[in-house]
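[1] A predicted structure for the sequence below; I have some questions about it.
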Amino acid sequence: MEVVAGCYEQVLFGFAVHPEPEADGHRERWAPVADFTHHAHTASLSAVAVNSRFVVTGSKDETIHIYDMKKKVDHGALMHHNGTITCLKFHGNRHLISGAEDGLICVWDVRRWECLKAIRAHKGHVTFLSIHPSGKLALSVGTDKTLRTWNLVEGRSAFIKNIKQNAHIVEWSPKGEKYVVVILNRIDVYQLDTASVSGTITNARRVSSVAFLSESVLAVAGDEEVVRFFDCDSLTCLSEFKAHENRVKDMFSFETPEHRVLVTASSDGFIKMWKLKQDKKVSPSLLCEINTNARLTCLGVWLDRRTDTKESPPAAAEPAPVSKEQSGHNKEESAHAVQEEEKQPKPDAEKCSLTAPPPGRRKRAATLPAGPRLPARRRVRPGRPVRADIREGGSCTVDHL
């Protein structure tokens, strides 16, 4: 597995983490090793998303950069948005959804990196989005004080709810039976069947990140050093523990065959991995920590899952790298697609299902040949590149080359 984290210093860090077997009488520890740093953006990183092949990063420089984790190379850049990229979400290995301060939500075909649809989602910024586990629905919140439900099968708005305040986080539960909407330090729990608030959780400080640990248990981090576990049914705090010396910026949760792991990133520069107990009332134990000496903003974990050979695409279907010409053409197509979206009262004719429709049924925003592999547009800030090195004890320092 590999932990990836973005920071204000425009760098994406990658750390390979090797689980070590639990020794007799000793607590289980994992060993992190510095793997790579990727300096492709010209402004601070604001979002990161991971699937089985790629890591994508969004930035205040209005671009989305793609990094191939298999080959450890830059795969290109997507320049569709005209504003800070605020959220990135993969659904499986075929689709990526992006949201930005320009109010657009874009659906991307990962195989060819084409924009299938650009939707004028909010009158203000898109602040967060979340995809239902089925891939048929998505939720988004923005600075227009609305919570919007999207029909991803037909690529249209399904429902708009006025929530009277600007929410900055929305998240589906693992089974998709409930979702949470975060407004400052308030967490409203909604039930899917009624689409209404079933309860409210109040955190001590403004919430910066949430992560479902199960269908009913939610991890909450805010502008403080503490992480809390809440029961979404009883609305009670199960436990809390001090995770960092400064505010927690982002969290990521995943499951191993042995246990569930929670990863936290903080403004103090540390990334920490926690082993969760079966009983969430018991505080987790620390597996490893990494000191990046950077101001971290976003976090992800790449799990190198080997897919079955029957499901693997042939060599010809390998995702094509993004060229400069294609990136520029995509941005022009974005404006055209949005204009068409606003003109058409019935958008059912253009579909962009995330549930793998039959070939030939999906309309693309642009059909471009793969072409020769060209380097991605890279606007590197003047100055020296940055390198991260692991020191003794698992710490990491940032040096100038």
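    Received it, and whenever you're ready, just let me know what you need.

[2] so where do the helices sit in this structure?
    Taking DSSP state H as the criterion, the chain contains helices spanning 324-343.

[3] any figure for the gap between V55 and A204?
    33 Å (C-beta to C-beta, to the nearest Å). The C-beta positions use only the backbone N, C-alpha and C, and glycine is treated the same way.

[4] please read the previous query as pertaining to D231.
    Relative to A204, and taking C-beta to C-beta, D231 is found at 17 Å.

[5] tell me where the model's unsure across the chain.
    Within the chain, the stretches with pLDDT under 70 are 21-27, 305-401.

[6] need the residue closest to the centroid of it.
    The centre of the chain sits closest to A49, judged by C-alpha atoms, centre = their mean, with a distance of 3.6 Å.

[7] who's more crowded, V55 and A204?
    Of the pair V55 and A204, V55 is the one with more neighbours under other C-beta atoms under 10 Å, namely 24 against 14.

[8] wait, the more buried one touches M69, no?
    Yes: when contacts are counted by C-beta atoms under 8 Å, V55 is listed as touching M69 (5.8 Å).

[9] need the residues touching each of those two.
    Contact criterion C-beta atoms under 8 Å, 6 or more residues apart in numbering; residues bridging V55 and M69 by contacting each: W302.

[10] how about L303, what does it touch?
    Shown here is L303, whose contacts under the criterion C-beta under 8 Å, 6+ apart are M1, S52, F254.

[11] which residues touch A195?
    By C-beta under 8 Å, 6+ apart, A195 lies in contact with F159, K161.

[12] now do C298
    Taking C-beta under 8 Å, 6+ apart as the contact definition, C298 lies against A5, G6, L45, S46, A47, V48, T57, K249, D250, A265.

[13] measure it to L238 for me?
    Using C-beta to C-beta, C298 is found at 26 Å from L238.

[14] kindly report the same for V220.
    Applying C-beta to C-beta to V220 and L238 gives a distance of 11 Å.

[15] tell me which of those two has more neighbours.
    With other C-beta under 10 Å as the criterion, V220 and L238 differ in neighbour count, and V220 comes out ahead with 26 against 16.

[16] how about that one, nearest residue that isn't a chain neighbour?
    Using C-beta to C-beta, 6 or more residues apart in numbering and skipping the chain neighbours, the partner closest in space to V220 is R228 (4.9 Å).

[17] residue contacts, the residue nearest to E101 when sequence neighbours are not counted?
    Leaving out its chain neighbours, the residue that sits closest to E101 by C-beta to C-beta, 6+ apart is G83, at 3.2 Å. Residues near G83 by C-beta under 8 Å, 6+ apart: E62, A100, E101, D102, G103, H125.

[18] and L96, how many neighbours does it have?
    Other residues within reach of L96, judged by other C-beta under 10 Å, total 24.

[19] partners of it in the sheet?
    Residues found in beta-bridge contact with L96 (criterion: DSSP bridges) are F90, W108.

[20] residues contacting it?
    By C-beta under 8 Å, 6+ apart, L96 lies in contact with A49, N51, V56, L88, K89, F90, V107, W108, V110.

[21] number of residues surrounding the spatially closest residue to F159 that is not a sequence neighbour?
    What sits nearest to F159 in space, not counting adjacent residues and going by C-beta to C-beta, 6+ apart, is T149, at 4.1 Å. By other C-beta under 10 Å, 16 other residues sit near T149.

[22] right, and T149 touches L137 too?
    Yes: assessed by C-beta under 8 Å, T149 is found in contact with L137 at 6.2 Å.

[23] what do those two both touch?
    Common neighbours of T149 and L137, counting by C-beta under 8 Å, 6+ apart, are A158.

[24] what sits against S44?
    Taking C-beta under 8 Å, 6+ apart as the criterion, S44 is in contact with G6, C7, Y8, E9, Q10, S59, K60, T297.

[25] buried only: go through those residues for me.
    By neighbour count, with 16 or more other C-beta atoms under 10 Å, the contacts of S44 hold G6, C7, E9, Q10, S59, K60, T297 as buried.

[26] ok, the fifth one touching A43?
    Right, the one you point to is S59. Yes: under the criterion of C-beta under 8 Å, S59 is in contact with A43, at a separation of 5.1 Å.

[27] what touches both of these two?
    Both S59 and A43 are in contact with Q10, where contact means C-beta under 8 Å, 6+ apart.

[28] how close does the nearest residue to K178 once chain neighbours are set aside sit to Q165?
    Spatial nearest neighbour of K178, excluding adjacent residues (C-beta to C-beta, 6+ apart): Q191 at 5.5 Å. For Q191, the distance to Q165 (C-beta to C-beta) stands at 20 Å.
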